[in-house]
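1. just the structure for this:
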Amino acid sequence: MKPCDKSIQKTLEMVETMLEVADRGDAVREDTGCGILYGVIRDSAYRIKKLAELEKAAHIKKGWWK
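-> Below is the predicted model of the structure:
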């Protein structure tokens, strides 16, 4: 796997961790400030995930992704 592909893969793994943190944090939060924080984390993760998946698809189309 090319280094650029490894970076995309690592980004997708990071996004899954961000979503897990947001879910766990949301489940135990005690105030609205935390709710806002975890909402921002979740929203950011989905935005990053979309970009990373688009880039992965572009690499696959170019034949780079193994």
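2. I'd like the next helix or strand past the one helix or strand R24 maps to.
-> Taking DSSP states H and E as the definition, R24 sits inside helix 3-28. Scanning forward in sequence from helix 3-28 by DSSP H and E, the next helix or strand is helix 32-62.
3. grab the nearest non-local neighbour of the residue nearest the centre of the chain.
-> In the chain, the C-alpha closest to the average C-alpha coordinate belongs to V15, at a distance of 2.1 Å (CA atoms, centre = their mean). The shortest distance from V15 to any residue that is not its chain neighbour, by CB to CB, 6 or more residues apart in numbering, is 4.4 Å, and that residue is K49. Glycine gets a C-beta too; all of them are placed from N, C-alpha and C.
4. what's the separation between that neighbour and M14?
-> K49 sits at a distance of 9 Å from M14 (criterion: CB to CB, to the nearest Å).
5. could you do D43 as well?
-> Remark: distance between D43 and M14 (CB to CB) = 15 Å.
6. same check on K62?
-> Here the distance between K62 and M14 works out to 23 Å (CB to CB).
7. what about these two, which has more around it?
-> The neighbour comparison of K62 against M14 (other CB atoms under 10 Å) goes to M14, with 14 against 8.
8. might one say that the residue nearest to V15 is in contact with L12?
-> Yes - K49 is in contact with L12 according to CB atoms under 8 Å; the separation is 6.8 Å.
9. residue ranges in this protein under the pLDDT threshold?
-> Across the chain, nothing is flagged by pLDDT under 70.
10. what's next to stretch 33-42, contact-wise?
-> Here stretch 33-42 makes contact (CB atoms under 8 Å, 6 or more residues apart in numbering) with M18, L19, V21, A22, D23, G25, D26, R29.
11. report the buried residues of the helix holding R24.
-> Buried residues in helix 3-28, counted by 16 or more other CB atoms under 10 Å: D5, I8, T11, V15, M18, A22, G25.
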